[in-house]
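S.K.: fold the following.
(one chain, ligands or ions: 2)
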Amino acid sequence: MTSEFDLIARYFKRPAANAVLGVGDDAALLAATPGTELVVSTDMLVAGRHFLAEADPYHLGHKVLAVNLSDLAAMGAVPRWATLSLALPEVDEAWLAAFSRGFFELAGRFGVSLVGGDTTRGPLNLCVTVLGEAPAGRALRRSGARPGDGVWVSGDLGGAALAVCHLNGELVLDAADAEHCQIRLHRPEPRVVLGDMLCCVAHAAIDISDGLLADLGHVLAASDVGAELEFDRLPAHPALAPKRADPLVRRCLLAGGDDYELCFTAPPEREQAILTVAETAGVTVTRIGRITDQAGLRLLDGTGRDMDIRERGFDHFA
Ligand code: ADP
Ligand code: MG
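M.R.: Ligands and ions are numbered 1, 2, ... in the order given. Next comes the predicted model:
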């Protein structure tokens, strides 16, 4: 019978190049870079709530780290360390091997060391804490948006939500679109490099985990400002683009969760700096509107008229 210690040693103990002491003692020892602040975030994925128990463990290993890295990116931080707490109903070595591969592939791409965690028997539950660094006083807060700022998003929106609609049978995608959207849902790409580079350029940022309107709404509330968005400028996932007037598609674009793109604001004179940063990071960015001093979120159609976001059932996201 494999002990808990054997499992940890086999699947989760890796050399932690950037830690004073990693997995194996009572606690890890980390040396923060002088002049930085530690940025810490935790996200938990629960079977039956956030994913199906039979979900692909390789994807889960990726996703549980990706959603945490996305939070650090939204703070403008560089991720450095992570801890992983697992409750597992049984010891399934094939599951652990695939999960650990998904986790370490992503961690390795961004130089993140797994430095500790906890492993226990129980209903399947995955919890990651990430620690990163941002230049002291410069982390991107939700409260930093100012009237006149442009509102930007990275990448494109709605792909993950479209995959959920496809899996639920609400619509049928062709095979290529279905595969592409499911990659967005199961293997989201955290915008780590972009987030780090936005640290000294943007005023405020958030990652889009609950949908554009909901998450931008948090920035507006924290900053005590409003925004005007231009619907026609929203970057739709290619599978959505031809049908963007369709209500279901519009819902995916405005209220679809799980995209893990960044939404950020920055003053207009930094437009060129943002485009340069995005090009260096290898991510597209689109300016979708602007911050105003009028409370509330307005969505404008191609002729500049207000679109009724409440009528479409988005009022609880505004
Ligand atoms: P303790 O009893 O002191 O909590 P544990 O037996 O839980 O110690 O853990 C032993 C070591 O393995 C610790 O360094 C802990 O951080 C690490 N660890 C436990 N589970 C994991 C995991 N899933 N991933 C990474 N490290 C882990
Ligand atoms: Mg323990």
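S.K.: so which bits of the host helix or strand of residue 251 are buried?
M.R.: For residue 251, the host element (DSSP states H and E) is helix 247-255. By neighbour count on 16 or more other CB atoms under 10 Å, the buried set for helix 247-255 is 249-255. Backbone N, C-alpha and C define where each C-beta goes, glycine included.
S.K.: with those in mind, which one is nearest to residue 56?
M.R.: When the buried residues of helix 247-255 are compared for distance to residue 56 (CB to CB), residue 252 wins out at 22.5 Å.
S.K.: which ones are touching the closest one?
M.R.: 157-158, 161-162, 165, 237, 240 (CB atoms under 8 Å, 6 or more residues apart in numbering).
S.K.: those residues in strands, which ones?
M.R.: Among those, no member falls in strands (DSSP state E).
S.K.: run a quick neighbour tally on the residue in the stretch 151-300 of the chain positioned nearest to ligand 1.
M.R.: At 19.5 Å from ligand 1, residue 190 is the closest residue in the stretch 151-300 of the chain, using CB to the nearest ligand atom. Burial of residue 190 is recorded as 28 neighbouring residues (other CB atoms under 10 Å).
S.K.: now the helix holding residue 251, how far from the centre of its chain.
M.R.: 19 Å (CA atoms, centre = their mean, to the nearest Å).
S.K.: average pLDDT for it?
M.R.: Taken as a whole, helix 247-255 has a mean pLDDT of 91.
S.K.: cool, and stretch 92-100?
M.R.: For stretch 92-100, the mean per-residue pLDDT is 97.
S.K.: how about it: buried residues?
M.R.: Those would be 95-96, 98-100, for stretch 92-100 by 16+ other CB under 10 Å.
S.K.: most widely separated two among the residues you listed?
M.R.: 95 and 100 (9.5 Å).
S.K.: was I right to think residue 44 contacts residue 87?
M.R.: No - using CB atoms under 8 Å, residue 44 is not in contact with residue 87, being 10.0 Å away.
S.K.: overlap in contacts of those two?
M.R.: residue 125.
S.K.: which residue ranges of this protein form strands?
M.R.: For the chain, applying DSSP E gives strands covering 36-46, 78-88, 113-121, 125-135, 150-154, 204-207, 226-230, 262-266, 285-292, 296-300.
S.K.: can you show me the CA trace of the fifth one as PDB?
M.R.: Read it as strand 150-154. C-alpha atoms of strand 150-154 as PDB (Å, rounded to 0.1, in the frame of the first residue of the first chain):
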ATOM      1  CA  GLY A 150      -9.600  53.300 -21.800                       C
ATOM      2  CA  VAL A 151     -11.100  49.900 -21.000                       C
ATOM      3  CA  TRP A 152      -9.200  47.000 -22.500                       C
ATOM      4  CA  VAL A 153      -9.500  43.300 -22.700                       C
ATOM      5  CA  SER A 154      -6.900  40.700 -23.700                       C
END
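S.K.: make TSV out of the strands of the chain and add mean pLDDT and distance to ligand 1.
M.R.: Below are the strands of the chain laid out as TSV (pLDDT from 0 to 100; distance: least, CB to the nearest ligand atom, whole Å):
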stretch	mean pLDDT	distance to ligand 1
strand 36-46	97	14
strand 78-88	98	4
strand 113-121	97	3
strand 125-135	98	9
strand 150-154	98	30
strand 204-207	98	24
strand 226-230	97	41
strand 262-266	98	28
strand 285-292	98	35
strand 296-300	95	41
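S.K.: span of stretch 46-64 from start to end?
M.R.: Using CA to CA, to the nearest Å, the end-to-end distance of stretch 46-64 comes to 10 Å.
S.K.: chain center to that stretch, what's the gap?
M.R.: A distance of 16 Å separates the centroid of the chain from that of stretch 46-64, by CA atoms, centre = their mean.
S.K.: brilliant, that's me finished.
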